[in-house]
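*Asks:* only geometry, no sequence info:
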């Protein structure tokens with residue numbers, strides 16, 4: 001399996017508690033990630049919580065459903081969701097926060113996903129460098145948007 005990885009950071013002018021509460025809840029992702037149609041979770045963010053994510057990949061695949069499981073949860077520090085089983089294209093989403101001051105928090109957002117999902121969504125392959133470029137560009141846009149709404 002060939003994966004694509006991306007990582008970026010942003011500093012927001014909010015306290016760590018409110019930032020972590022927002023980014024650890026995948027139900028908020030549709031507010032700052034353009035491809036998310038909706039996410040439903042089985043409970044408050046915590047270890048082993050299940051999330052069902054519905055995302056728009058393309059006109060060919062307007063509703064791609066994946067099941068994610070919280071595999072790491074450290075309050076006000078880190079939350080990691082990963083695909084729950086092998087029938088889904090692999091995806092790992094890591095969100096970390098670090099307090100800079102009482103009202104300033106650094107967010108680090110990392111993703112890793114199976115390159116094959118692009119072919120699934122589009123119906124054809126794209127070169128890895130192009131997928132990586134689009135992923136990095138989108139991540140910067142996501143974090144810019146997140147900074148304005150959090």
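*Replies:* Cool, got the structure. A quick note: this is a predicted structure, and the numbers were derived from the prediction, not measured. Numbers count the residues shown, from 1 in each chain.

*Asks:* Next, the contact list for residue 92, please.
*Replies:* 80, 81, 82, 83, 110, 111, 112, 113 (C-beta atoms under 8 Å, 6 or more residues apart in numbering). Where you see a C-beta, it was placed from the backbone N, CA and C, and this is true even at glycine.

*Asks:* Okay, and which of those map to strands?
*Replies:* Residues of the contacts of residue 92 located in strands (DSSP state E): 80, 81, 82, 83, 110, 111, 112, 113.

*Asks:* Quick one, which of those are buried?
*Replies:* 80, 81, 82, 83, 110, 111, 113 (16 or more other C-beta atoms under 10 Å).

*Asks:* Which residue or residues pair with the fifth one through a beta bridge?
*Replies:* Residues in a beta bridge with residue 110, per DSSP bridges, are residue 7, residue 94.

*Asks:* what do you get for the first one?
*Replies:* Counting by DSSP bridges, residue 80 is bridged to residue 72, residue 94.

*Asks:* Was I right to think it contacts residue 91?
*Replies:* No. With contact defined as C-beta atoms under 8 Å, residue 80 does not reach residue 91; the gap is 11.1 Å.

*Asks:* if we can go back for a sec, nearest to residue 11, of the ones in strands among the contacts of residue 92?
*Replies:* residue 110 (16.3 Å; C-beta to C-beta).

*Asks:* name the helices or strands packed onto the lengthiest helix in the chain?
*Replies:* If you go by DSSP state H, the chain has its longest helix at helix 128-149. The contact analysis (3 or more C-beta pairs under 8 Å, 6 or more residues apart in numbering; DSSP states H and E) places helix 128-149 against strand 3-12, strand 104-114.
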